[in-house]
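**Q** Here is my input; please provide its structure:
(4 chains)
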Protein chains: 2
Amino acid sequence: MQDMHLVHHECGDCPIRHRAVCARCETDELARLEQIKYYRSYQAGQTVIWSGDRMDFVASVVSGIATLTQTLEDGRRQMVGMLLPSDFVGRPGRATAAYDVTATTDLVMCCFRKKPFEDMMVTTPRVAQRLLEMTLDELDAAREWMLLLGRKTAREKIASLLGIIARRDASLRLKTPKGALIFDLPLTREEMADYLGLTLETVSRQISALKRDGVIHLDGKRHVTIPDFDRLMDEAGDDSDGGVLG
Amino acid sequence: MQDMHLVHHECGDCPIRHRAVCARCETDELARLEQIKYYRSYQAGQTVIWSGDRMDFVASVVSGIATLTQTLEDGRRQMVGMLLPSDFVGRPGRATAAYDVTATTDLVMCCFRKKPFEDMMVTTPRVAQRLLEMTLDELDAAREWMLLLGRKTAREKIASLLGIIARRDASLRLKTPKGALIFDLPLTREEMADYLGLTLETVSRQISALKRDGVIHLDGKRHVTIPDFDRLMDEAGDDSDGGVLG
DNA sequence: TTCCTGACTTGATTTACATCAATGCTGTTT
DNA sequence: AAACAGCATTGATGTAAATCAAGTCAGGAA
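**A** Numbering: from 1, shown residues only, chains lettered A, B, ... in the order given. As a prediction, the model looks like this:
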């Protein structure tokens, strides 16, 4: 992976997404962040931090995927966040982690010690403003996710998740064979189940059903082809009228 | 209701919660907000705004309760937010509403025209910083809610919701008869169902079950007594170790 | 090659909740 | 006082997804 650290997203590579900090247009702010940054790497499956643990840094995903999960006493697990490159982890003003953070793929994060980062938020308003935008985006995503968890059927849940992954992948690759989307699932069946509030068996059955009905193709267990994205979206049950920015 | 507009929460009354704007300690900022504020009132049941509608203001709840809901094509509804006094509605930088906003009780909101408010966010970093804190709190609440929607049983969902309402009420009243909590449900059974991802019949049945088992008392349909809050929380199924700030 | 392991699939059965359908309350209208 | 409307309760039945239980399949180690 190229060095994605702290340069402008619209220039291709900024973990604190565009506008907050930019190597080209905000060199002074960048310089301040440079002084407190460091990297951490994790292998697929490793836990980054446990809920309740002391957390003396905030961070930004450079490459790979991390998940946030919550667990009930008896072990029931619910994923509550999926962090992709450029997403932010950690909360300024909080001393301990509120969720389990796990690397589901190999993961590189760019970390900032909390205290200096917080100081910088005060002296550099633009960082707080950018963080606000990102947090509002996450809140919207969380609310979309709540609709999925509370009201969608298993089939709709699977279709929605495939849509989310496909869209993200498309935005990374920017180029797709005519109409069809192709990608590898970055999650196991169990992780998908934790995302969707289902069991892994139900996930498996519904994927088989979508395959049987020609909505998706599967090559092996992970390699997915979506021949008709609109068809998939019909299966997702979402409100018809455009997106949030309609 | 007293005039709750734009003074310090810790002094009893601030719709943009404490620290951002305070009549006593931040008079200059207050003055700027004063110039662009106005009030709106709604009756219980009225819709404040529909998802997709143009929204040229942001606002803060002064009194009453508003809900945010999302709807699927076929009418399935999921509540995704419950706004209490001091909570913020609307998103700087977005032109249209992303959710249906409804007054579930009589409601008064303090509004700010979007453009001047956004200008002020740039010139007054403290407002953006405070908004960030509030949004992060909301995100945490949303994630807690996701765990509820995805993994809790109907009984646990009801117990959790009663706990949430009881806690909020306790924090408003600051005083409770020895041990027992007493409050009126601000939601209909159907609204509770939309909150919890259930049907109203299931809500009704589970409330009856909790009553039968002595976890709660009901006087009429809305007036609730919680004789033992810890007992209720056991029913909610949550992780044992303290709160987020443990 | 065989064995093993972890991820996945598929089948049989159970169950929690949804759905369909009365019926009961409480307050308001006339 | 009767009639009505809006909420809430309760019962009977149906069903989507969970649970329990075998398998299958691909990759890695011995």
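**Q** Just want the most central residue of chain A.
**A** A:Leu83 (2.9 Å; CA atoms, centre = their mean).
**Q** pLDDT score assigned to it?
**A** On pLDDT, A:Leu83 comes in at 96.
**Q** Quick check: it touching A:Val61?
**A** Yes. Assessed by CB atoms under 8 Å, A:Leu83 is found in contact with A:Val61 at 5.0 Å. Yep, even glycine has a C-beta here, placed from its N, CA and C like the rest.
**Q** In this structure A:Gly163 contacts A:Asp234, no?
**A** No. Assessed by CB under 8 Å, A:Gly163 is found out of contact with A:Asp234, at 10.4 Å.
**Q** Looking at the two, which one has more neighbours?
**A** The residue with more neighbours, out of A:Gly163 and A:Asp234, is A:Gly163; 18 against 13, by other CB atoms under 10 Å in any protein chain shown.
**Q** And the more buried one, how far from DNA strand D?
**A** For A:Gly163, the distance to DNA strand D equals 17 Å [CB to the nearest atom of the strand, to the nearest Å].
**Q** next one: A:Thr96
**A** Applying CB to the nearest atom of the strand, the value for A:Thr96 to DNA strand D is 30 Å.
**Q** re the thing from before, now list whatever residues contact both of A:Leu83 and A:Val61.
**A** Shared contacts of A:Leu83 and A:Val61 (CB atoms under 8 Å, 6 or more residues apart in numbering or on different chains): A:Val89.
**Q** got a list of what A:Leu68 touches?
**A** Residues counted as contacts of A:Leu68 (CB under 8 Å, 6+ apart) are A:79-83, A:89, A:99-101, B:143.
**Q** Please identify the helix or strand for the closest residue to it other than its chain neighbours.
**A** Of all residues not flanking A:Leu68 in the chain, A:Gly81 sits nearest, at 3.4 Å (CB to CB, 6 or more residues apart in numbering or on different chains). Assigning secondary structure by DSSP states H and E places A:Gly81 in strand A:77-83.
**Q** What pairs with that strand, parallel or antiparallel?
**A** Partner strands and pairing direction for strand A:77-83 (DSSP bridges) are strand A:66-71 (antiparallel).
**Q** For A:Thr123, give me the pLDDT.
**A** pLDDT recorded at A:Thr123 is 84.
**Q** what's the answer for A:Leu147, then?
**A** Predicted confidence (pLDDT) for A:Leu147: 98.
**Q** Secondary structure element for it, which one?
**A** helix A:125-151.
**Q** do that helix and chain B meet?
**A** Yes. Residues of helix A:125-151 contacting chain B under CB under 8 Å from any CB of the partner chain: A:125, A:128-129, A:131-133, A:135-136, A:138-140, A:142-147, A:149-151.
**Q** These also near DNA strand D: which ones?
**A** Among these, proximity to DNA strand D is found for none (CB under 7 Å from any atom of the strand).
**Q** From those, keep the buried residues only.
**A** Buried members of the residues of helix A:125-151 next to chain B, counted by 16 or more other CB atoms under 10 Å in any protein chain shown: A:125, A:128-129, A:131-133, A:135-136, A:138-140, A:142-147, A:149-151.
**Q** Could I get the contacting residues of A:Thr104?
**A** A:44-45, A:64-67, A:186-187, A:191.
**Q** Domain-wise, how is chain A divided?
**A** Residue ranges for each domain of chain A read A:9-148, A:152-235, as given by automatic domain parsing.
**Q** before we move on, the earlier item: helix B:125-151 and the strand holding A:Gly81, what's the angle between them?
**A** 140 degrees (axes from the mean of the first three to the mean of the last three CA atoms, to 10 degrees).
**Q** Buried residues in strand A:77-83, which are they?
**A** Neighbour-count burial for strand A:77-83 [16+ other CB under 10 Å]: A:77-83.
**Q** Could you list the residues in contact with stretch A:189-196?
**A** By CB under 8 Å, 6+ apart, stretch A:189-196 touches A:67, A:69, A:77-79, A:82, A:104, A:148-149, A:154, A:157-158, A:161, A:185, A:187, A:198-200, A:202-204, A:207, B:150.
**Q** filter the residues you listed down to the ones near DNA strand C?
**A** Among the contacts of stretch A:189-196, the residues within reach of DNA strand C (CB under 7 Å from any atom of the strand) are A:185, A:200, A:203-204, A:207.
**Q** What about those, which one has the most neighbours?
**A** That'd be A:Val203 among those, by other CB under 10 Å, with 24 neighbours.
**Q** How much space separates that residue from A:Asp74?
**A** Separation of A:Val203 from A:Asp74 (CB to CB, to the nearest Å): 20 Å.
**Q** about what we covered before: partners of the residue nearest to the centre of chain A in the sheet?
**A** Beta bridges link A:Leu83 to A:Ala66 when assigned by DSSP bridges.
**Q** Kindly export the helix or strand containing A:Ala170 (C-alpha atoms) in CSV.
**A** Using DSSP H and E, A:Ala170 falls within helix A:154-173. Presented in CSV, the C-alpha positions along helix A:154-173 are these (Å, rounded to 0.1, in the frame of the first residue of the first chain):
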residue,chain,number,x,y,z
ALA,A,154,-33.2,-11.8,6.4
ARG,A,155,-33.2,-11.7,2.6
GLU,A,156,-33.4,-8.0,2.6
LYS,A,157,-30.7,-7.7,5.1
ILE,A,158,-28.3,-9.8,3.0
ALA,A,159,-29.2,-7.9,-0.1
SER,A,160,-28.6,-4.6,1.7
LEU,A,161,-25.2,-5.7,3.0
LEU,A,162,-24.1,-6.9,-0.4
GLY,A,163,-25.2,-3.5,-1.8
ILE,A,164,-23.2,-1.7,0.8
ILE,A,165,-20.0,-3.7,0.2
ALA,A,166,-20.5,-3.5,-3.6
ARG,A,167,-20.9,0.3,-3.5
ARG,A,168,-17.9,0.8,-1.3
ASP,A,169,-15.8,-1.5,-3.6
ALA,A,170,-17.0,0.3,-6.7
SER,A,171,-16.0,3.6,-5.2
LEU,A,172,-12.5,2.2,-4.5
ARG,A,173,-12.0,0.7,-7.9
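**Q** What helices and strands are in contact with that helix?
**A** Applying 3 or more CB pairs under 8 Å, 6 or more residues apart in numbering or on different chains; DSSP states H and E, one finds that helix A:154-173 contacts helix A:125-151, strand A:181-184, helix A:189-196, helix A:200-212, strand A:223-226, helix A:229-235.
**Q** what do you get if the cut-off is 6 Å, keeping everything else the same?
**A** Counting contacts by 3 or more CB pairs under 6 Å, 6 or more residues apart in numbering or on different chains; DSSP states H and E, helix A:154-173 is packed against helix A:200-212, helix A:229-235.
**Q** Noted, bye for now.
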